[in-house]
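> using only what follows, build the 3D model:
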Amino acid sequence: MDELPRAILSEILSRVSGPSLLRHRRVCRRWREAIDDPYFRNSLHRSKEGVVLYLEHGKDEEIRILTMHQEAAATWMVEMGKLPTPRGYVIRGACNGLLFFMHRTDVRNNGELLMNPLTKRILILRRAPDLSPDRSVYGLGLDRSTNTYKMVQIEKTGSDEKTRTGTAVARIYDFDKRSWRAGEAPPLPTGAGLSRDFVFSSGALNWFLKRRLPLSPLTGAMLSFDLTKEEFSLIPIPDVFFKGGSGDFPI
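Numbers count the residues shown, from 1 in each chain. The predicted structure is shown next:
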């Protein structure tokens, strides 16, 4: 457990009952710090009711908002409403209820959007001026240490023949300072690309690696970015998560 990133450890501990957390707090210093984190404690008090966003494709694209209820072994969903989506756009991730959209086909000429589903307000997001938008993946998350939203843009730039790894560059946008700064992206496995879908969880952004070349030797992994430390890491994933051996992860 000591090798797990803080975000993964917090996610595991969040599934433990309250009385057990008090006992686990004495296991080690790292567990105690994770359990005492104000962000972690606040997350335990949030509603456990699941919310599902279901995107329907058709003449008028819209998102159906469903709540998921569980009682004993039964699970059912109740539709709470519908939300129209920007035409031609698809959801790539979410952060604290805010929805992140990218254009489905013409990324270069259509900027990324951030939508508040309650107010229906849409913000056109900035891009790093020195990166190519159609070769980039994005992520949006909250730095819990400063209560600041940050956006990350990553572009895979090529490969290093000596190390046989992929090279990438990263830029970090601070919404408070309204400026970009460089981040240090780690080398990626040969033949691997990043999924355009991201997951924000427990203070970190995560992207699954995807196999770009049919014969590339790619093992299961996920790229994670700690929003507080602003550090990247590669997290191994069991091969059971591969879909039919194709090297593509289900999101």
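> what's the per-residue pLDDT of the most centrally placed residue in the chain here?
The centroid of the chain falls nearest to residue 199 when counting by CA atoms, centre = their mean (1.9 Å). At residue 199, the model reports a pLDDT of 93.
> once you drop chain neighbours, what's closest to it?
Distances taken as CB to CB, 6 or more residues apart in numbering place residue 206 nearest to residue 199, at 4.6 Å, with adjacent residues excluded. Where you see a C-beta, it was placed from the backbone N, CA and C, and this is true even at glycine.
> also residue 114?
Using CB to CB, 6+ apart, the closest residue to residue 114 is residue 123 (4.5 Å).
> from residue 197, how far off is that neighbour?
With distances taken as CB to CB, to the nearest Å, residue 123 is found 20 Å from residue 197.
> correct me, but residue 184 touches residue 168?
No - between residue 184 and residue 168 there is no contact under CB atoms under 8 Å: 9.8 Å.
> how about residues contacting stretch 174-184?
With contacts defined as CB atoms under 8 Å, 6 or more residues apart in numbering, stretch 174-184 is touched by 126, 128-129, 146, 148-152, 169-173, 225, 230-232.
> how far is that stretch from where the chain is centred?
18 Å (CA atoms, centre = their mean, to the nearest Å).
> what are the buried residues along that stretch?
Of the residues in stretch 174-184, 174, 175, 180, 183 count as buried by neighbour count, 16 or more other CB atoms under 10 Å.
> likewise for stretch 222-239?
Judged by neighbour count (16+ other CB under 10 Å), stretch 222-239 contains these buried residues: 222, 223, 224, 225, 226, 227, 228, 230, 232, 235.
> returning to what we had before: what's around the residue nearest to residue 114, how many residues?
When neighbours are defined as other CB atoms under 10 Å, residue 123 has 13 of them.
> assumed it was part of a strand.
Yes - looking at residue 123 with DSSP: H, G, I helix; E, B strand; the rest coil, it is inside a strand.
> correct me if wrong: it contacts residue 101.
No - shown here, residue 123 and residue 101 do not form a contact pair, counting by CB under 8 Å, at 10.4 Å.
> related to what we said a few turns ago, elements contacting the host helix or strand of the residue nearest to residue 199?
According to DSSP states H and E, residue 206 maps onto strand 204-211. Applying 3 or more CB pairs under 8 Å, 6 or more residues apart in numbering; DSSP states H and E, one finds that strand 204-211 makes contact with helix 6-13, strand 136-143, strand 192-194, strand 199-201, strand 221-226.
> strand partners (parallel or antiparallel) of the fourth one?
Yep, that's strand 199-201 we're talking about. Using DSSP bridges, strand 199-201 pairs in its sheet with strand 204-211 (antiparallel).
> look up phi and psi at residue 30.
phi -60, psi -40 (degrees, to the nearest 10).
> repeat that for the one 3 residues further on.
Backbone geometry at residue 33, expressed as degrees, to the nearest 10, gives phi -60, psi -40.
> need the contact partners of stretch 163-173.
Stretch 163-173 is contacted from outside by 126, 128, 130-131, 150-160, 179-194, 225, 230, 232, using CB under 8 Å, 6+ apart.
> no more questions from me, cheers.
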